[in-house]
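Participant: I'd like to go over a predicted model; first the sequence, then the structure.
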Amino acid sequence: STIWSLYLKETEKEDKELATSLQVGVDELLIFVFFQAGLFGAILTAFLIESRKDLQVDPVQEILQALQNHFAVPTSQPLEVSKSSLIVNYLWFTSLGLTLFSALCAVLAREWLAKYIPVSPGSRSSDACQRLLRVKRAQQWRLESVVTGIPLLIQIALFLFSAGLVLFTWNNSVALGVLMLFLTIFAVVLYALGTV
């Protein structure tokens with residue numbers, strides 16, 4: 001029994017260091033995810049509502065066309081969706097999906113870290129086995145990589161949104177599209193310089 005309590009006492013410091021370093025990162029990440037990414041998700045959703053109109057027939061236009069044709073029964077024409085509208089929606093829906101997935105990952109990581117360190121270190125062989133199992137699972141699931149990779153998901157989502165915004169504005173106004181392209185390239189350069 002004393003060997004197990006000695007083992008658990010020695011490994012407790014290592015466990016607490018890992019959990020504390022990841023916990024700080026996850027806590028900061030949760031603040032970012034829930035406030036920043038939440039705001040980003042709301043803005044993105046507003047853009048998606050607008051861009052999704054390009055993917056379906058506008059009933060108002062059908063009624064106006066019927067009125068122009070002197071109340072003739074409108075012939076249902078197949079909807080022709082432009083390739084750029086499909087790409088914009090693909091980019092923005094992917095961006096929204098990544099944002100929501102990153103929020104889910106952050107919550108799961110927070111819950112797992114809360115269970116990583118037991119309230120009392122224990123002193124029995126079964127406690128030592130449980131500790132070893134937790135460490136092995138953390139390594140097996142690459143917990144550190146997952147926690148540090150969550151901000152990358154949000155950054156990818158932001159870049160996908162920016163690419164979609166460039167294409168969306170380019171279709172409406174080339175000058176505005178060029179401006180958005182310049183700002184996006186500038187942001188990517190700043191990001192690259194800041195992270196390298």
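Facilitator: Received the coordinates, thanks.

Participant: could you say what helices and strands the biggest helix by length in the chain packs with?
Facilitator: Longest helix in the chain, counting residues (DSSP state H): helix 83-116. On a contact count with 3 or more CB pairs under 8 Å, 6 or more residues apart in numbering; DSSP states H and E, helix 83-116 meets helix 2-31, helix 38-52, helix 143-172. In short, each C-beta sits where N, CA and C put it, glycine included.

Participant: what about Leu152, neighbour count?
Facilitator: Neighbours of Leu152 under the rule other CB atoms under 10 Å: 11.

Participant: actually Pro151, sorry about that
Facilitator: Using other CB under 10 Å, Pro151 has 17 neighbouring residues.

Participant: next: the one 5 residues further on.
Facilitator: For Ile156, the tally of surrounding residues (other CB under 10 Å) stands at 15.

Participant: likewise for Glu80?
Facilitator: Using other CB under 10 Å: Glu80 sits among 6 other residues.

Participant: the one 10 residues further on now?
Facilitator: The number of residues packed around Tyr90, counting by other CB under 10 Å, is 12.

Participant: the one 5 residues further on now?
Facilitator: Burial of Ser95, expressed as a neighbour count using other CB under 10 Å, amounts to 26.

Participant: now Ala106
Facilitator: 26.

Participant: do the same with Leu143
Facilitator: The local packing count at Leu143 equals 20, with neighbours defined by other CB under 10 Å.

Participant: just to revisit the earlier point, for the helices and strands packed on helix 83-116, which one sits closest to Tyr191?
Facilitator: Nearest to Tyr191 among the helices and strands packed on helix 83-116 is helix 143-172; the distance by CB to CB comes to 7.5 Å.

Participant: residues in contact with the next helix or strand after that closest one?
Facilitator: Next in sequence after helix 143-172, counting helices and strands by DSSP states H and E, comes helix 174-195. Defining contact as CB atoms under 8 Å, 6 or more residues apart in numbering, one finds that helix 174-195 is touched by 155, 159, 162-163, 165-167, 169-171.
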